[in-house]
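> One predicted model, sequence on top.
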There are 2 protein chains.
Amino acid sequence: MQIAIVLYDRFTALDAVGPYETLGRLPDAETVFVAESTGPVRSDTGALALVADKTLAEVPDPDIVVVPGGPGQFDQMDNETLLGWLRTADRTSAWTTSVCTGSLLLAAAGLLDGRRATSHWLALDFLKQYGAEPTGERVVTDGKYVTAAGVSSGIDMGLTLLGRIAGDEHAQAVQLLTEYDPQPPYDAGSPQKAPQHLVDEFRTDSRFTLA
Amino acid sequence: MQIAIVLYDRFTALDAVGPYETLGRLPDAETVFVAESTGPVRSDTGALALVADKTLAEVPDPDIVVVPGGPGQFDQMDNETLLGWLRTADRTSAWTTSVCTGSLLLAAAGLLDGRRATSHWLALDFLKQYGAEPTGERVVTDGKYVTAAGVSSGIDMGLTLLGRIAGDEHAQAVQLLTEYDPQPPYDAGSPQKAPQHLVDEFRTDSRFTLA
């Protein structure tokens, strides 16, 4: 099994590292970070770069595709090099997955037409415009397409898919080893749970408005 | 505020990226990834490298120190360059923190003597041997020392400290933006909750035995 995690300028680091740290613990699998060019790729804050070890062209047919989101996703929506690679890789992939606004890239590549999918809560309307059927679930599986909600949900997606492929016990072992027994100090992780004024502020903040 | 996240060969990526993605969203703060040398630093699986942008020497007095864990922590336990840097940085830091077995490095530097602290569940006995008082909590604060349990707990630690420094509302906003509303598909994230035979297997697996 080969797992390709796609990087591009201003992706969100946890979107990529959540699945890497869970799904990447699949037995006998090779995980490879890919981008248009090899070398460091800066995440959205500018403070962290992850290294792409191979180019997209060097990894044409991974078994699992993982596309993270992030503010930089916008500039990729008409990048035919990336979208074309996604379409080609998807032809032979066993699983095509995304975290956060990575699903908008899958949708822009035409891979989510009429499919149930999810994205960051601020991007669900946008996902609909691209032909998918957004749901409010944290991890959505429709056929071989597995999409996750915002940023941290890639951990839940990774464990879910890991269990599906390698069995519940292996996924539980990875959950135990990564001590994923979440105890957030607040209960504000979704628009349904967070203080309403915070939700409203993000919905009207131009930095987060996907228009 | 300057936040220094320490990298070393074979660290665990999520240990570093969890606090980066939460605590790193502190207003007006600069996050910098540091290591003995600048450039890519490979994480424990070998499949992912994060880039250290500055050397330890170039960042002598950060306000917040974050030390991730990982299997590579062992080889650092007598690395006086790193331990000496930790001692010096700790003299002026506002907060000295760790995730997973990163606390063993703080302890080896003599910073946790007699302090309540935590670590990966497999490393708690070892932490005690180094003079700290291990607890079973996920995030432990003793004075300016904040230690977190295994791997994924760095997210909870980051949000906890973020709330302490920038206020509850800012931390809630970051929780909402990272959509940290965990829904693990299993309930096996701690040795108290996981199937007992998995716990026993890890406790006797030489790859995980810290001896």
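Yep, that arrived.
> gap between stretch A:174-186 and the chain center?
Centroid displacement of stretch A:174-186 relative to its chain, using Cα atoms, centre = their mean, to the nearest Å, is 19 Å.
> List the buried residues of it.
Going by neighbour count (16 or more other Cβ atoms under 10 Å in any protein chain shown), the buried part of stretch A:174-186 is A:174-186. Yep, even glycine has a C-beta here, placed from its N, CA and C like the rest.
> how close does A:Leu177 get to B:Val174?
For A:Leu177, the distance to B:Val174 (Cβ to Cβ, to the nearest Å) stands at 26 Å.
> again with A:Pro62
A:Pro62 is 32 Å from B:Val174, by Cβ to Cβ.
> What of A:Asp200?
17 Å.
> One more: A:Arg25?
From A:Arg25 to B:Val174 the distance is 27 Å (Cβ to Cβ).
> and what of A:Gly69?
If you go by Cβ to Cβ, the gap between A:Gly69 and B:Val174 works out to 16 Å.
> mind listing the strands for chain A?
A:2-6, A:30-35, A:39-42, A:49-52, A:54-55, A:64-67, A:95-99, A:116-117, A:133-134, A:139-142, A:145-148 (DSSP state E).
> Out of the ones you listed, which gets nearest to A:Leu161?
strand A:145-148 (5.6 Å; Cβ to Cβ).
> For the closest one, the averaged confidence score.
For strand A:145-148, mean pLDDT rounds to 98.
> For that strand, output the C-alpha coordinates as PDB.
Extracted as PDB, the C-alpha positions of strand A:145-148 are listed here (Å, rounded to 0.1, in the frame of the first residue of the first chain):
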ATOM      1  CA  TYR A 145     -14.300   8.700  -0.900                       C
ATOM      2  CA  VAL A 146     -13.700   9.600   2.700                       C
ATOM      3  CA  THR A 147     -13.800  13.300   3.600                       C
ATOM      4  CA  ALA A 148     -13.300  14.900   7.000                       C
END
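> ok, that strand near chain B or not?
No. Strand A:145-148 lies out of reach of chain B by Cβ under 8 Å from any Cβ of the partner chain, never closer than 9.0 Å.
> Would you confirm that A:Glu179 contacts B:Gly189?
Yes. In this structure A:Glu179 lies within contact range of B:Gly189 using Cβ atoms under 8 Å: 5.9 Å.
> Name the residues contacting each of those two.
B:Ser152 (Cβ atoms under 8 Å, 6 or more residues apart in numbering or on different chains).
> how about the nearest residue to the most centrally placed residue in chain A, chain neighbours excluded?
The geometric centre of chain A, computed from its C-alpha atoms, lies nearest to A:Val99 (Cα atoms, centre = their mean), at 1.9 Å. Distances taken as Cβ to Cβ, 6 or more residues apart in numbering or on different chains put A:Gly154 closest to A:Val99, at 3.7 Å, once the chain neighbours are dropped.
> Now do the contacts for the residue nearest to A:Gln172 when sequence neighbours are not counted.
Nearest non-adjacent residue to A:Gln172, counting by Cβ to Cβ, 6+ apart: B:Ala188, 3.8 Å away. B:Ala188 makes contacts with A:172-173, A:175-176, B:194-195, B:198, as judged by Cβ under 8 Å, 6+ apart.
> Look up phi and psi at B:Ala188.
The phi and psi values for B:Ala188, taken as degrees, to the nearest 10, are phi -130, psi 30.
> Roughly how far does it sit from B:Thr118?
Taken as Cβ to Cβ, the span from B:Ala188 to B:Thr118 is 19 Å.
> Likewise for A:Asp125?
For A:Asp125, the distance to B:Thr118 - Cβ to Cβ - is 42 Å.
> In terms of packing, which of these two has more residues around it?
B:Thr118 (28 against 11; other Cβ atoms under 10 Å in any protein chain shown).
> Looking at the more buried one now. What's its pLDDT?
For B:Thr118, pLDDT reads 98.
> these two touch, right, it and B:Thr135?
Yes. With contact defined as Cβ under 8 Å, B:Thr118 counts as touching B:Thr135 (5.6 Å).
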